[in-house]
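In: coordinates only, no sequence provided:
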């Protein structure tokens, strides 16, 4: 039965870091809008023994130790900005938080009480969060199927190993080792911000769109080495059938010359049953990408990398016949400047049947009606050209803000499609630095498609608009009010 969660404030004890939320965390994220640098530790100077100098043989001063090979200071060849990135723990440091959510919820017209506890523990690179939920009235525990651990709630009370493991997995909000961009990154549970490559196909995908009403247990597994790496994800292991998964492999094939940092990648994404029906069309996305760092004035004073993406998106009927196919091309520079600023600018060309960033944070809410539908399908156009531009700024432990805008044209004139996104994250540490500022922090996101033709911002709210917020308000020490809101709009019938 589908549960309709009530958007109700819930009191939660304060904790150092907020856990995963409905708002897709900025992942590594968005389109390749940042160059992440892993700085190698500077070599220590050699100790020089204090011995008398021989005037006859005066030695030249010892040369400083050679710097590490430039290849070790690797620009990770996939998109990553700082919006929503999991804050790294200091080695060996422990961090524990406990969230308590109390709110009513309505299921099939009946109002239930709901208590949800989300303890969160981080030790160095290891992190784990639990999801403990009870939905009940004075006489019945509605979600007893989540607590039977293998015993089906039927007359036979048959034991099921698969159900037992599903119930155990369901109690974990996430289990994580490492951080995105490190050599090894593993995560199981809620996926809040999945981006593959530059994000041209998969950009900030989240399996938490319906959380906490509906839990999906996915996983990510990444390997990131100087000359090659992989990124993978699977959307939900709770379903019996393999559902939606993605894979990206990249290599740096050239070891010398100007092109030694050239990275070439390939991506495959497959949603086997987006509609959930028996005669289901599958959605398949294939992409190739490359990026070449050209300028790197450190530390992030100014960097410039040129990237290219070519992708194909199609739907396939259950009998194997192709229903629709479309292609997309994106090319342009991205990088950092002034240490805290990041930028990206792209030329984009698409054909009917293709939408950039098709698998995004709204995908789980639209997937049942989305297969084979792109914005060009509603228009009498078969192709369009346009641009994408993004600008952002980030100061660690203080704030992160970014905005991007894109337009597509059939020819010179008014756009046939446009999209605006804005994201803001305020950290609790920032609020502490502002005298008498209210202790309010969290994430805010605004997204609007088909912004307008003649008047770019003729209206800020319509059926193509989504506003999401995950806000924490400190009521008193160690007690905070947590508001998670996602608002959509329907057309005015008039």
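Out: Arrived safely. Computed from a prediction, not measured in an experiment: that's the story for all the values here.

In: C-alpha from now on. contacts and neighbour counts both.
Out: Fine.

In: any weak-confidence spans in the stretch 51-200 of the chain?
Out: 51-93, 150-157 (pLDDT under 70).

In: mind doing that once more with 90?
Out: Judged by pLDDT under 90, the stretch 51-200 of the chain has its weakly predicted residues at 51-112, 114, 116-121, 124, 131, 133, 135-171, 180-181, 192-193.

In: all the strands of it, residue numbers only.
Out: Taking DSSP state E, counting those that start in this stretch, the strands of the stretch 51-200 of the chain run over residues 94-107, 110-123, 126-130, 132-136, 172-177, 184-189.

In: can you pull out the helices in this protein?
Out: For the chain, applying DSSP state H gives helices covering 161-170, 363-366, 428-433.

In: show me which positions of the last one end up buried.
Out: Neighbour-count burial for helix 428-433 flags 428, 430-431 (criterion: 16 or more other Cα atoms under 10 Å).

In: and the gap between the nearest residue to residue 408 once chain neighbours are set aside and residue 363?
Out: Counting by Cα to Cα, 6 or more residues apart in numbering, residue 408 lies nearest to residue 386, which is 4.0 Å off, once chain neighbours are set aside. Remark: distance between residue 386 and residue 363 (Cα to Cα, to the nearest Å) = 23 Å.

In: ok, residue 140 - contacts?
Out: Applying Cα atoms under 8 Å, 6 or more residues apart in numbering, we find residue 140 in contact with no residue.

In: one step back: okay if I get the buried residues of helix 428-433 as JSON lines plus pLDDT?
Out: Below are the buried residues of helix 428-433 laid out as JSON lines (pLDDT from 0 to 100):
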{"residue": "428", "pLDDT": "81"}
{"residue": "430", "pLDDT": "81"}
{"residue": "431", "pLDDT": "76"}
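
In: what is the nearest of those to residue 466?
Out: Set against residue 466, the nearest of these by Cα to Cα is residue 428 (25.0 Å).

In: show me what the closest residue to the closest one other than its chain neighbours is bridged to.
Out: Of all residues not flanking residue 428 in the chain, residue 441 sits nearest, at 5.5 Å (Cα to Cα, 6+ apart). On the basis of DSSP bridges, residue 441 is bridged to residue 472.

In: could you check the pLDDT of residue 441?
Out: Note for residue 441: predicted pLDDT of 88.

In: give me the neighbour count for it.
Out: 21 (other Cα atoms under 10 Å).

In: with residue 272 instead?
Out: Residue 272 has 20 neighbouring residues, counting by other Cα under 10 Å.

In: same thing with residue 124?
Out: Burial of residue 124 is recorded as 15 neighbouring residues (other Cα under 10 Å).

In: my read is that it contacts residue 177, right?
Out: No: Residue 124 is not in contact with residue 177 according to Cα atoms under 8 Å; the separation is 9.0 Å.

In: separation between the nearest residue to residue 127 once chain neighbours are set aside and residue 244?
Out: The spatially closest residue to residue 127, leaving aside those adjacent along the chain, is residue 176, at 5.0 Å (Cα to Cα, 6+ apart). Here residue 176 is placed at a distance of 20 Å from residue 244 (Cα to Cα).

In: ok, now residue 94?
Out: From residue 94 to residue 244 the distance is 34 Å (Cα to Cα).

In: which one's more surrounded, the two?
Out: Set side by side, residue 94 and residue 244 give different neighbour counts by other Cα under 10 Å, the larger being at residue 244 (20 against 13).

In: residue contacts, residue 440?
Out: Counting by Cα under 8 Å, 6+ apart, residue 440 touches 428, 431, 471-474.

In: next, format these as CSV and append distance to residue 316.
Out: As requested, those are arranged in CSV below (distance: Cα to Cα, whole Å):
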residue, distance to residue 316
428, 47
431, 50
471, 41
472, 44
473, 47
474, 50
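
In: ok, those residues vs residue 219, which is closest?
Out: Out of these, the member with the shortest distance to residue 219 (by Cα to Cα) is residue 471, at 26.1 Å.

In: tally of neighbours for the closest one?
Out: Using other Cα under 10 Å, residue 471 has 19 neighbouring residues.

In: OK, contacts around it?
Out: By Cα under 8 Å, 6+ apart, the contact list for residue 471 reads 440-444, 482-484.

In: pLDDT below threshold where in the stretch 351-494 of the chain?
Out: Regions of the stretch 351-494 of the chain meeting the criterion pLDDT under 90 cover residues 351-358, 360-385, 395-399, 406-420, 426-441, 447-494.

In: picking up where we left off before, so the residue nearest to residue 127 bridges to which residues?
Out: Taking DSSP bridges as the rule, residue 176 bridges to residue 127, residue 187.

In: and it, what does it touch?
Out: Counting by Cα under 8 Å, 6+ apart, residue 176 touches 125-128, 185-188.

In: how does it look with 10 Å?
Out: Residue 176 sits next to 122, 125-129, 185-189, 219-221 when contact means Cα atoms under 10 Å, 6 or more residues apart in numbering.

In: just give me how far stretch 266-283 sits from the chain centre.
Out: Centre-to-centre, stretch 266-283 and its host chain are 21 Å apart (Cα atoms, centre = their mean, to the nearest Å).

In: same thing with stretch 327-345?
Out: Per Cα atoms, centre = their mean, the centroid offset for stretch 327-345 relative to its chain is 17 Å.

In: give the buried residues for that stretch.
Out: Within stretch 327-345, the residues scored as buried using 16+ other Cα under 10 Å are 327-337, 339, 341-345.

In: among the residues you listed, which lie within strands?
Out: Within the buried residues of stretch 327-345, residues falling in strands by DSSP state E are 327-337, 341-345.

In: low-scoring stretches of the stretch 201-350 of the chain, by residue?
Out: Confidence mapping of the stretch 201-350 of the chain against pLDDT under 90 gives the ranges 204, 207-217, 226, 236-244, 254-261, 271-283, 297-301, 313-326, 338-339, 350.

In: point to the residue nearest the middle of the chain.
Out: Nearest to the mean C-alpha position of the chain, by Cα atoms, centre = their mean, lies residue 193 at 1.7 Å.

In: between the contacts of residue 471, which is closest to residue 233?
Out: The closest of these to residue 233 turns out to be residue 443 (Cα to Cα; 24.1 Å).

In: not counting sequence-adjacent ones, nearest residue to that closest one?
Out: Spatially, and ignoring its direct neighbours in sequence, residue 443 is nearest to residue 425 (4.3 Å; Cα to Cα, 6+ apart).

In: who's the one you found bridged to?
Out: residue 400, residue 443.

In: what's the answer for residue 291, then?
Out: residue 263, residue 307.

In: contacts only, for residue 423.
Out: Shown in contact with residue 423 (Cα under 10 Å, 6+ apart): 26, 83, 392, 400-404, 443-447, 468-469.
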